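**Q** The sequence isn't on hand, but the structure is:
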């Protein structure tokens, strides 16, 4: 774990900003293009400050969906499998 308290403080502030923006945009569902760009920027900054060399291995526990690029009900394993079979719903993708 990173012992740098400045990085820890920055991560905490970035997470707070990300959660606040996710909250006011209904988990990203109603985010404008500008807000989606802000989401991406916040996530990129958090990734750069990640103290873990392999975060996927350290993500044990219960998680809540706070941000999604699709409607929350469509992020279930069932809908993800259907989308994999049928392809994206957006014809421009």
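**A** Great, that's in hand. All values reported here derive from a predicted model rather than from experimental measurement.

**Q** Scan the helices and strands of this structure for the one with the lowest mean pLDDT.
**A** Lowest by mean pLDDT, DSSP states H and E among the helices and strands of the chain is helix 77-86, with a mean of 73.

**Q** For the residue nearest to the spatial centre of the chain, give me its contacts.
**A** For the chain, the residue nearest the mean C-alpha position is residue 67 (5.0 Å; CA atoms, centre = their mean). For residue 67, the contacting residues are 18, 22, 27, 28, 39, by CB atoms under 8 Å, 6 or more residues apart in numbering. C-beta coordinates here come from the backbone N, C-alpha and C atoms, glycine included.

**Q** and those residues, which of them are in helices?
**A** Per DSSP state H, helices hold the following members of the contacts of residue 67: 18, 22, 39.

**Q** Reformat those into JSON lines and put distance to residue 61 next to each item.
**A** Shown next, in JSON lines, are the ones in helices among the contacts of residue 67 (distance: CB to CB, whole Å):
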{"residue": "18", "distance to residue 61": "19"}
{"residue": "22", "distance to residue 61": "19"}
{"residue": "39", "distance to residue 61": "23"}
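
**Q** one step back: between the contacts of residue 67, which sits nearest residue 46?
**A** residue 18 (7.3 Å; CB to CB).

**Q** just checking, residue 42 touches residue 21?
**A** Yes: the pair residue 42 / residue 21 is scored as a contact, 7.5 Å apart, by CB atoms under 8 Å.

**Q** Can you tell me how far the residue lying closest to residue 18 once chain neighbours are set aside is from residue 9?
**A** Distances taken as CB to CB, 6 or more residues apart in numbering put residue 42 closest to residue 18, at 4.6 Å, once the chain neighbours are dropped. Between residue 42 and residue 9 the computed distance is 15 Å (CB to CB, to the nearest Å).

**Q** Give me the more crowded residue out of these two.
**A** Neighbour totals were compared for residue 42 and residue 9, and residue 42 leads with 19 against 10 (other CB atoms under 10 Å).

**Q** does that one sit in a helix, a strand or a coil?
**A** State at residue 42, reduced to three classes by DSSP: H, G, I helix; E, B strand; the rest coil: helix.

**Q** gap between it and residue 77?
**A** 26 Å.

**Q** ok, now residue 12?
**A** Residue 12 sits 31 Å away from residue 77, going by CB to CB.
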